[in-house]
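S.K.: Sharing a model prediction with you, sequence too.
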Amino acid sequence: MSYVIEGKTGNWEIVVGLEVHAQIISQSKLFSGASTKFGGEPNTQVSLVDAAFPGMLPVINRECVAQAVRTGLGLNARINLESRFDRKNYFYADLPQGYQISQFAHPIVGEGTIEIELAGGETRQIGITRLHMEQDAGKLLHDQDPTRSFVDLNRAGVALMEIVSEPDIRAPEEAGAYLRKLRQILRYLGTCDGNMEEGSMRADVNVSVRKAGEPFRTRCEIKNVNSIRFVMQAIEVEAARQVEIWENGGEVDQETRLFDPGRGETRTMRSKEDAHDYRYFPDPDLLPLVIEQAWVDGLKAALPELPDAKRARFQKDYGIPFYDAGVLVAEQSVADFFETVAKGRDGKLAVTWVTGDLFAALNRTGRTIENSPVSAEALGKMLDLISDGTINGKIAKDVFEDMVETGESPDAIVEKKGLKQVTDTGVIDAAVDAIMAKHADKVEEFRSGKDKLFGFFVGQVMKETKGKANPALVNEALKAKLNG
Amino acid sequence: MLTGLTLTEARAGLAARKFSARDLATAHMQAIARLNPKLNAYITVLPEKDVLAAADAADARYADGTARPMEGLPIGVKDLFCTKGVKTTAASKMLADFVPPYESSVTQRLLDAGSVFVGKTNLDEFAMGSANITSAFGSVLNPWQRKGDEATALVPGGSSGGSAAAVAAGLALAATGTDTGGSIRQPAAFCGIVGLKPTYGRCSRWGTIAFASSLDQAGPMTRSVADAGLMLEAMAGFDEKDSTSSNRPVPAFAQAVGKSVKGLRVGIPAEYRAPGLPAEIAAMWEQGIAWLRDAGCEIVDVSLPHTKYGLATYYIIAPAECSSNLARYDGIRFGARKDAPTLDGIYERTRAEGFGEEVRNRILMGTYVLSAGYYDAYYLKAQKVRTLIKRDFVQAFEQVDVLLTPTAPSAAFAQGENMDDPVQMYLNDIFTVPASMAGVPALSVPVGLDAKGLPLGLQIIGRHFDEETVLSVGGALEDAAGFAHTPTLHAEAGA
């Protein structure tokens, strides 16, 4: 599957690389002890270091380093045992130090890969160039006062990971798949919550276009795109814009652009001439960051199972199809829920119930898996009732709906409503006899060759037993008596 | 008299109850009141009641036997150390009204050792200068005067000129300084006192206003080598808030003074015999060599081949770091702000009006050498040369235990001299900069007077974290020189 822009002069392919800024989950900031909690009153989570008071010095937060290493390991990437911090110098009111501490020349994580899955189950490897740690800036508030702007430094100094991909992406939907997969891995690792609305994950998108077989052409960088949908849209419109420029004999300028989702277009933010000269140099306040291989190994050993591995294991252990396994591992909480349900039970039955009735119920009630009206344990118990013949599949649907509504245990519902499956052959035989007597004409028809009526009789017997009869036993009894 | 004592003498006198900490504090507050208007050594003098209250607390500790190593000793603090609740200006208009809500690690340690702070001493703006003429609060006057030319005002050196003048003139028993390229040692030499720049990392930089982070180091400025050891002991030590501070244990530095130097090897670096070195300085150096030889040291000729690049690389690296360190003075969160209709306008006005000319020059130089297209040629190359300079010292210290050099290429010069040519001014640091670049400890000891009656200092440079040997050799030099001169302007000179 390839994405092609059909131009006047032929087909164009697109070349995309993504720089994702992911906020590291940590109690305190990258170089200070101030809290990282989201949503505090402005300027209540600011240390003297964050506000860059005279004489203040940064001290690296070990937990942030561990999070970056975990992420690197999760991306199958090289961990650099020695990395360094540099200063990226520029003036802005949300940047108290007048520089951002970042890792420019020597990042903590080197090359890695992410496997993405496309529609139809095709997979592709997208290269990771690097991952480095850096400080976030504060926030400017322009809407508090007609003539003045305010600065909120709560976010200033919070740890970010910048995860840079190779220019391996060739379609908007690959970019979407990449971001979803990256977010999934970060969430599994617990290193970033991936919440794009709160800004804890945002992407800079590098886009260029070329004819097949050509070297790269000039790229534009679209800054700070804050949803996966917008990233895909931005790539589409930016690529189209560039094709039009090239085809009209123009030259694409290397520049920084912004995506306007309202108008569905990108526009210039900074041209190359206005590009900042960041004057990077090694931060003399910080020593090179040296970590031990043994420490990295310890972090690796403690990593949770990641989505790809989990998916393969689900297929193997529970005998469920690739696609279903993918649905289950998309969110770790769903995977955990499923596993609680499926453990020691019929995996196929479990996946049917989780992705079918449970998802439908969540949808209907507007709940998430975390606050599901039916717990994994309760659903598991209900499956036990099916397996041990206490209830049949049809009654199970009613029991489940009852569980959703009342939150009661399946046993209690079955008990209270007398839904226990009828397996007493005497009772079933009696019901079969009654139905055959009531529909003697249909019995004749059946016996003279109208086999299709068998279903009719099953339905009638079930109805007679209020659905509680064991369908297999009903079949058996009917077969014997109708043919007898 | 109380204002002429060494720390060691004063500590002994207090312990023996010959005088009280209150007596000592009062004598210093009176001396400051009398001489500071002339010397301008202090930017801020602490309120007398606060100083006396601290002295009284010290007296109580002497009374109940809980006196600490610096108990009751009146100390001046360079106005680059942030002091909680006390205005800290860095001698800049930018911070003219800045009152830190925190205490620097070094001054906190001094307070914890019982020191009584009397005031914040003047300096070159943001510690950038070698003559203490760039302070926004006026120049500091050197208390020494040329014989027969008392009318010519001399500079105290810089940047810790206020500290040097205060200690020399009896306005503090000792003072803190900071040294980036010579800012403790050169003013110590110019004012006839002892100044020690410890190994980089020995004292915490937390809470000290940064000039050039990879070079800045706090140290003591005192009247004797033993005092320098005593005070450094109080100042030094690991600080988890400064990633570059060393976690090595702090030795009993004062005990190193007086130890025999017999058999120690003293290196004389050939490259410091610069052409144009004044004969008096050269002669004083020869005298120092002779004294140490007499004390049993072995004199060894050594080479530090990259010395000639020291000043040039220093004036790339220090401005580069300063251009970034001083970016935080933008008028947004603290300090002076000059309003303008745009954000860039606020930056431009605030920084143009808040910084003096020398600071602006260095920020411009630093910005230039870090710029795209120049970084490799300047900053990166300077870092490589710095590595070579450091290696010079490490290799020299395979042959010798310490190095002996002059501290400065001249005695104190007059205010107004060297002022139109910044490069001439920068040459003051030619002997002090290499040790700063290498991060090794270096001590300036006053050893004599020149023909005009001005003090001259010799510098002892040691191995990384070997301040003890530096202090031992400094003590031997001090003993041999017997420097007992005091400047014309002195608290104990006739009022």
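M.R.: Received it, and whenever you're ready, just let me know what you need. Numbers count the residues shown, from 1 in each chain, chains lettered A, B, ... in the order given.

S.K.: average pLDDT for the helix or strand harbouring A:Asp429?
M.R.: Taking DSSP states H and E as the criterion, A:Asp429 maps to helix A:425-438. Per-residue pLDDT over helix A:425-438 has a mean of 89.

S.K.: Where does the prediction get shaky in the chain?
M.R.: Reading this off chain A. The model of chain A has pLDDT under 70 over residues A:1.

S.K.: Sorry, I should have been clearer: chain B.
M.R.: B:494-495.

S.K.: can you list the domain ranges for the chain.
M.R.: You didn't say which chain, so I picked chain A. Listed by automatic domain parsing, the domain ranges of chain A are A:5-298, A:307-408, A:425-483.

S.K.: nope, chain B
M.R.: If you go by automatic domain parsing, chain B breaks into B:2-264, B:308-381.

S.K.: just the ones you listed: most buried one?
M.R.: Highest mean neighbour count of the domains of chain B: domain B:2-264, a mean of 24 (counted as mean count of other CB atoms under 10 Å in any protein chain shown). Just so you know, the C-beta spots here come from the backbone N, C-alpha and C atoms, and that holds for glycine as well.

S.K.: Between the two ends of that domain, how far is it?
M.R.: End-to-end span of domain B:2-264 (CA to CA, to the nearest Å): 36 Å.

S.K.: got a list of what the residue positioned nearest the centre of chain B touches?
M.R.: When CA atoms, centre = their mean is applied to chain B, the residue found nearest the centroid is B:Ile184 (1.9 Å). By CB atoms under 8 Å, 6 or more residues apart in numbering or on different chains, the contact set of B:Ile184 is B:Ser160, B:Gly177, B:Thr178, B:Gly195, B:Leu196, B:Lys197, B:Gly219, B:Met221, B:Ser444.

S.K.: Check which helix or strand the second one maps to.
M.R.: Think B:Gly177. strand B:174-179.

S.K.: How about that strand and chain A, any contact?
M.R.: No: under the criterion of CB under 8 Å from any CB of the partner chain, chain A is not reached by strand B:174-179; the shortest gap measures 11.0 Å.

S.K.: Just the strands from the stretch 201-350 of chain B, written as ranges.
M.R.: B:217-222, B:265-269, B:298-302 (DSSP state E, counting those that start in this stretch).

S.K.: Let me have those strands in JSON lines, extended by distance to chain A.
M.R.: Listed next are the strands of the stretch 201-350 of chain B as JSON lines, based on distance: least, CB to the nearest CB, whole Å:
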{"stretch": "strand B:217-222", "distance to chain A": "11"}
{"stretch": "strand B:265-269", "distance to chain A": "26"}
{"stretch": "strand B:298-302", "distance to chain A": "29"}
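
S.K.: Let me have the ones you listed in CSV, extended by distance to B:Pro455.
M.R.: Formatted as CSV, the strands of the stretch 201-350 of chain B follow (distance: least, CB to CB, whole Å):
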stretch, distance to B:Pro455
strand B:217-222, 14
strand B:265-269, 22
strand B:298-302, 24
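
S.K.: Ok, which of these comes nearest A:Ala156?
M.R.: strand B:217-222 (28.0 Å; CB to CB).

S.K.: got the contact list for the closest one?
M.R.: B:6-7, B:81, B:106, B:160, B:163-164, B:167, B:173-180, B:184, B:187-188, B:193-205, B:208, B:227-228, B:230-232, B:235, B:436.

S.K.: Those residues in helices, which ones?
M.R.: Among these, the residues falling in helices (DSSP state H) are B:7, B:106, B:163-164, B:167, B:187-188, B:227-228, B:230-232, B:235, B:436.

S.K.: Now flag whichever of these is closest to B:Ile317.
M.R.: The closest of the ones in helices among the contacts of strand B:217-222, once distances to B:Ile317 are taken by CB to CB, is B:Ser436, at 9.8 Å.

S.K.: Can you report how many residues lie near residue 453?
M.R.: Assuming you mean chain A. A:Leu453: 16 surrounding residues under other CB atoms under 10 Å in any protein chain shown.

S.K.: if you could check chain B rather than the one you did, that'd help
M.R.: 16.

S.K.: check contacts around it.
M.R.: Going by CB under 8 Å, 6+ apart, the list of residues near B:Gly453 reads B:Trp144, B:Gln145, B:Arg146, B:Lys147.

S.K.: Report the secondary structure state of it.
M.R.: Secondary structure state of B:Gly453, per DSSP: H, G, I helix; E, B strand; the rest coil, is coil.

S.K.: Now it: phi and psi?
M.R.: Backbone geometry at B:Gly453, expressed as degrees, to the nearest 10, gives phi 80, psi 20.

S.K.: how much space is there between it and chain A?
M.R.: Distance of B:Gly453 to chain A, given as CB to the nearest CB, to the nearest Å: 39 Å.

S.K.: What's the separation between that residue and A:Met232?
M.R.: Using CB to CB, to the nearest Å, B:Gly453 is found at 82 Å from A:Met232.

S.K.: And B:Leu232, by the same measure?
M.R.: From B:Leu232 to A:Met232 the distance is 63 Å (CB to CB).

S.K.: what's the answer for A:Ala472, then?
M.R.: Distance, A:Ala472 to A:Met232, using CB to CB: 50 Å.

S.K.: Neighbour count for the two, which is higher?
M.R.: Neighbours per residue (other CB under 10 Å) separate A:Ala472 from A:Met232, with A:Met232 holding more: 19 against 11.

S.K.: Identify the residues contacting that one.
M.R.: A:Met232 neighbours (CB under 8 Å, 6+ apart): A:Pro172, A:Glu173, A:Ala175, A:Gly176.
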